[in-house]
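Novice: Show me the folded form of this:
(chains A and B)
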Amino acid sequence: MLMDTQKMILQAKQRAKWNTIIILLTIILSVTPIFYTLSVTYYATNDRANEAIARTTALYALTDPAIKMDSTFVKTKISPLFNLTFEAALQEQYAGENYTVGSYEATYGFMQKTSEQIDMRAPTPTDEKFPKYFTNTDFQHGTKTIQPDQQVTVFALFDKNYTVNELDIFLRRNALVMWNAVNTGVEKQILTSTKETYPLIGYPTTGVVMERNTESAFLKQLELLTELPTQPYDIGAKKRLAYVKKYGISIYGATLSLSGETLNQLLDDHLIRNFVILREEL
Amino acid sequence: MTKSTVFFNIGLIAVGFSLLTLFLLNLMLFTHITFNGIWYVPVLSVLFAILALTQKTSRKYGLYALFLTIGTLLLFICIVCGLLSINGAY
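Specialist: Now for the predicted structure:
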């Protein structure tokens, strides 16, 4: 009888030990999946993650005159601690083809950007920044350092504003127009200031990011940035969109891929006022 | 070995498989790798759990294993559905 009682107590103790182990293991192993599920739900709800990615892609297309973010190849990671990391390839066009020239990575915590990194595969004349700001001091007037047969990509300011159709004048002179800078009413202030104010905005003319019609894509992307004006950067989207809607799209500058000789001719003919070298081919 | 001991062990095995299912979900989340050949782990867990439910001595473990496996699978489905709706996440 005593032996049976002792055996039962031993068995009960053993079961209690097993129960404790099982419950502890369940708690430990449940923490990550539960937090991960909550984190994924948070970013999936109201399309939060997709909108953050779309806004960043739109901002890149609007503000960078040479480099585009490839929105079709984005890698997104979500951590159980409510962090969202997304990586996208940065592309640049050369001789009509898109080449991946680097990558962009941003991390968000509860939709607030906590870090951002741009890795370029090859060195560029200036550090790749996002968004890109231009000031009065960035522009140069002469082509002393550029050889006539050297191929360069420049961001040039025109002598006057053009409509999209009038840009053929540059094509006829063997200058490939890659990105159009749109007049949004604040450019005079940006280009006469020596301090960074707002980034210039425009749209790529080839390898379109969102749609075939580049002008409507430009307006859509600008509209997207007016919804949350300070996310991820404040570019004064609302007032600039209102200006474009009121006065239409006029182009005061563009990213041109051309030879040193053509650049000289354009300067001599007063088609362009000044320029910034974005890429030099050796 | 008595019948009740056998079923008690079956109950423990069911719980073991359900915990393994949960562990594999953790592993997937940490490594971002989808393991395709492990579908039999939750299946075995459910089978052992159903077996354990038939006897009073192991019923508690059977229920626990069943609850844990179904819960893990529901979490997995929620995560996959959420990730599928996010650009480039899955």
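
Novice: tally of neighbours for residue 5?
Specialist: Went with chain A since none was named. Using other Cβ atoms under 10 Å in any protein chain shown, A:Thr5 is surrounded by 9 other residues. C-beta: built from backbone N, CA, C; applies to glycine.

Novice: sorry, should have said chain B
Specialist: Residues near B:Thr5, counting by other Cβ under 10 Å, number 12.

Novice: Tell me how far it lies from A:Lys160.
Specialist: Using Cβ to Cβ, to the nearest Å, one gets 94 Å for the distance from B:Thr5 to A:Lys160.

Novice: Residues of the stretch 1-150 of chain A that sit close to chain B?
Specialist: For the stretch 1-150 of chain A, the residues in contact with chain B (Cβ under 8 Å from any Cβ of the partner chain) are A:18, A:22, A:25-26, A:29-30, A:32-34, A:36-37, A:40-41, A:43-44, A:47, A:49-50, A:53, A:71, A:73-78, A:80, A:86.

Novice: now, which of those lie within helices?
Specialist: Within the residues of the stretch 1-150 of chain A next to chain B, membership in helices is found for A:18, A:22, A:25-26, A:29-30, A:32-34, A:36-37, A:40-41, A:43-44, A:49-50, A:53, as judged by DSSP state H.

Novice: Which of the residues of the stretch 1-150 of chain A next to chain B are buried, as a PyMOL select command?
Specialist: Those of the residues of the stretch 1-150 of chain A next to chain B that meet the burial criterion (16 or more other Cβ atoms under 10 Å in any protein chain shown) are gathered into one PyMOL selection, given here:
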select buried, chain A and resi 22+25+26+29+30+32+33+36+37+40+43+44+49+50+53+71+74+76+77+78+80+86
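
Novice: What segments of the chain are helices?
Specialist: No chain specified, so I'll use chain A. The residue ranges that make up the helices of chain A, judged by DSSP H, are A:2-44, A:48-63, A:168-171, A:187-192, A:214-227, A:237-247, A:260-268.

Novice: Sorry, I should have been clearer: chain B.
Specialist: Assignment of helices within chain B using DSSP H yields the ranges B:3-31, B:40-53, B:56-84.

Novice: I'd like to know which of these is closest to A:Arg173.
Specialist: The stretch from these with the least distance to A:Arg173 (Cβ to Cβ) is helix B:56-84; that distance is 49.2 Å.

Novice: quick one, the helix or strand bottoming out on mean pLDDT in chain B and helix B:40-53 angle?
Specialist: Within chain B, judged by mean pLDDT, DSSP states H and E, the helix or strand with the poorest mean is helix B:3-31; its value is a mean of 90. Using axes from the mean of the first three to the mean of the last three Cα atoms, to 10 degrees, the inter-axis angle of helix B:3-31 relative to helix B:40-53 is 150 degrees.

Novice: and helix B:3-31 with helix A:2-44, angle?
Specialist: Computed by the same axes, to 10 degrees, the angle between helix B:3-31 and helix A:2-44 is 30 degrees.

Novice: tell me the angle of helix B:3-31 relative to helix B:56-84?
Specialist: Here the directions of helix B:3-31 and helix B:56-84 differ by 10 degrees (the same axes, to 10 degrees).

Novice: next one: helix B:3-31 to chain centre, how far?
Specialist: Once both centres are worked out by Cα atoms, centre = their mean, to the nearest Å, helix B:3-31 turns out to sit 6 Å from its chain's centre.

Novice: Could you do stretch A:138-154 as well?
Specialist: That offset, for stretch A:138-154, works out to 26 Å (Cα atoms, centre = their mean).

Novice: measure that stretch end to end?
Specialist: End-to-end span of stretch A:138-154 (Cα to Cα, to the nearest Å): 12 Å.

Novice: what residues does that stretch touch?
Specialist: A:66, A:94, A:157, A:178, A:191, A:255-261, A:263-264, A:267, A:273-282 (Cβ atoms under 8 Å, 6 or more residues apart in numbering or on different chains).

Novice: Show me which residues of that stretch are buried.
Specialist: A:138-139, A:143, A:146, A:150-154.

Novice: tell me which of these is nearest to chain B?
Specialist: The nearest member of those to chain B, counting by Cβ to the nearest Cβ, is A:Thr153 at 28.6 Å.
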